[in-house]
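Asker: okay, here's the prediction I keep looking at, along with the sequence it came from:
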Amino acid sequence: MGAASIAPPLPAGVQLGAVRRPPGPVDSVLDLVGNTPLLRLGRIDTECPGVEIWAKAEFSNPGGSVKDRAATRIIKDALKRGDLGDGRRLLDSTSGNTGIAYSLVGAALNIPITLVMPENVSLPRKQITKGFGTELIFSDPMLGSDGAILEARKLAAEQPERFYYPNQYANDSNWLAHYDGTAVEIWEQTGGRVTHFVTGIGTSGTIIGTSRRLHELNPDVRCIAMQPDDSWHGLEGLKHLPSSLVPEIYDEGVLDDTLWMPTDEGWDMSERLAEQEALFVGHSSGANVAAALRVGKELSARGEEGVVVTVLCDRGDRYFGPLKWEKHYVY
């Protein structure tokens, strides 16, 4: 009999965990929204000894992004109020992820969806939303997300009987999704140890709702927003507020600080996350982690400990193109 084979040692920092029970059965895909894992970025945070960096894996939502939370809450609240139903279409503007989320929720609840998005959003985002049966209207690419907002407002004003316009930038259901969900999950997953929360500003729902609740749970938690440092940035989904329409739900009073992020720093961190943490995420996620690492390094340089939490907004594959979704195949 030959010698028994010996498994090679695991890489440093990697442990075999206990077998996990699978989640229980659910009645709807919408029951899978939220309760996302919190991941330790154990290779990234070696650069800030004494500080832990954790990230909410929002790409594990069924629509693939953090926007599933807001879209689900916005549509369910509108249904409760009677704003939707009887064939009335939901109309909103989006740069991509909220559109995919609206499309998913609309398909699940039989609500027709119309979206206005800049012509230059990535092809996969257009194809995924159309795959759910969504009607797309394209706005001037040179006007970015603000141009899509203005076009959606115009259509809603012209056809109020056809469209319900929730306006994600001014809808309290947006930030409440994070107040009631994301913040509570972070608090419970860290055992109340979270010291800093850092994420970027898009509609501002994630940063405002999460920060508002975390400050209620512990006023000492520092909540830090991140913005691109230039109006002509390449961090899709994020807003440079000095040159943009400021979302009505944005409340600077719940923030402790703001960090300014160059495009290159966010893109470089996206590559590092794929290579070092096996996380293939979008550039807004890279920018979030880069901002969290800055905070961690500042704490470490002062000899302080910390538990810094950020958000991995979505997967990286939806920034690629083209994708194909064909009804007919050639054999």
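Answerer: Nice, I can see it. This one's a predicted model, so the numbers in the text were calculated from it and none came from an experiment.
Asker: going forward, measure contacts and count neighbours with C-alpha atoms only.
Answerer: Fine.
Asker: low-scoring stretches of this protein, by residue?
Answerer: Segments of the chain classed as low confidence (criterion: pLDDT under 70) are 1-20, 321-331.
Asker: again, 50 this time
Answerer: Filtered on pLDDT under 50, the chain yields the residue ranges 1-5, 7, 329-331.
Asker: can you list the domain ranges for the chain.
Answerer: Domains of the chain are assigned by automatic domain parsing as 29-64+172-319, 67-164.
Asker: end-to-end on the shortest one?
Answerer: End-to-end distance of domain 67-164: 19 Å, with CA to CA, to the nearest Å as the criterion.
Asker: so in that sheet, which strands flank the helix or strand containing L259, and in what orientation?
Answerer: For L259, the enclosing helix or strand under DSSP states H and E is strand 257-261. Each strand that pairs with strand 257-261, with its direction, by DSSP bridges: strand 222-228 (parallel).
Asker: just the residues contacting the partner strand, thanks.
Answerer: Residues from elsewhere that reach strand 222-228 (CA atoms under 8 Å, 6 or more residues apart in numbering): 195-201, 207, 211, 215, 235, 238-241, 254-263, 288, 291.
Asker: with stretch 245-256 instead?
Answerer: If you take CA under 8 Å, 6+ apart as the criterion, stretch 245-256 is touched by 146, 169-172, 175, 203-205, 208, 211-212, 215, 222-225.
Asker: now, which of these lie within strands?
Answerer: Under the assignment DSSP state E, those contribute 222-225 to strands.
Asker: most neighbours among these, which one?
Answerer: Within the ones in strands among the contacts of stretch 245-256, C223 tops the neighbour count with 25 neighbours, counted by other CA atoms under 10 Å.
Asker: state the distance from that residue to A291.
Answerer: Distance check for C223 against A291: by CA to CA, it reads 12 Å.
Asker: ok, back up a step: contact partners of the next helix or strand along the chain from the strand holding L259?
Answerer: Sequence-wise, the next helix or strand beyond strand 257-261 is helix 263-277, with elements assigned using DSSP H and E. Taking CA under 8 Å, 6+ apart as the criterion, the residues outside helix 263-277 that touch it are 41-44, 228-229, 233-235, 279-290.
Asker: helix 263-277 versus strand 222-228: what angle between them?
Answerer: Taking axes from the mean of the first three to the mean of the last three CA atoms, to 10 degrees, one finds that helix 263-277 is oriented at 120 degrees with respect to strand 222-228.
Asker: list the buried ones in helix 263-277?
Answerer: 263, 266-267, 269-273 (16 or more other CA atoms under 10 Å).
Asker: and for stretch 185-192?
Answerer: Counting neighbours by 16+ other CA under 10 Å, stretch 185-192 gives 185-187, 189 as buried.
Asker: swap in stretch 151-160?
Answerer: Taking 16+ other CA under 10 Å as the criterion, stretch 151-160 shows 151-153, 155-156 as buried.
Asker: next, format those residues as JSON lines and append secondary structure.
Answerer: JSON lines is the format used below for the buried residues of stretch 151-160 (DSSP: H, G, I helix; E, B strand; the rest coil):
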{"residue": "E151", "secondary structure": "helix"}
{"residue": "A152", "secondary structure": "helix"}
{"residue": "R153", "secondary structure": "helix"}
{"residue": "L155", "secondary structure": "helix"}
{"residue": "A156", "secondary structure": "helix"}
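Asker: contacts only, for G205.
Answerer: With contact taken as CA under 8 Å, 6+ apart, G205 is in contact with 70, 169, 174-176, 178, 249-250.
Asker: most neighbours of all those, which one?
Answerer: Each of those was scored for neighbours by other CA under 10 Å, and W175 scores highest at 30 neighbours.
Asker: touching, that residue and A70? I think so.
Answerer: Yes. In this structure, W175 is within contact of A70 by CA atoms under 8 Å, at 7.3 Å.
Asker: closest to A107 among the ones in strands among the contacts of stretch 245-256?
Answerer: Within the set of the ones in strands among the contacts of stretch 245-256, A225 lies nearest A107; the separation is 32.8 Å, counting by CA to CA.
Asker: is that closest one bridged to anything, and to what?
Answerer: According to DSSP bridges, the residues that bridge with A225 are T199, T258.
Asker: buried ones in stretch 291-298?
Answerer: Neighbour-count burial for stretch 291-298, with 16+ other CA under 10 Å as criterion, is recorded at 291-293, 295-297.
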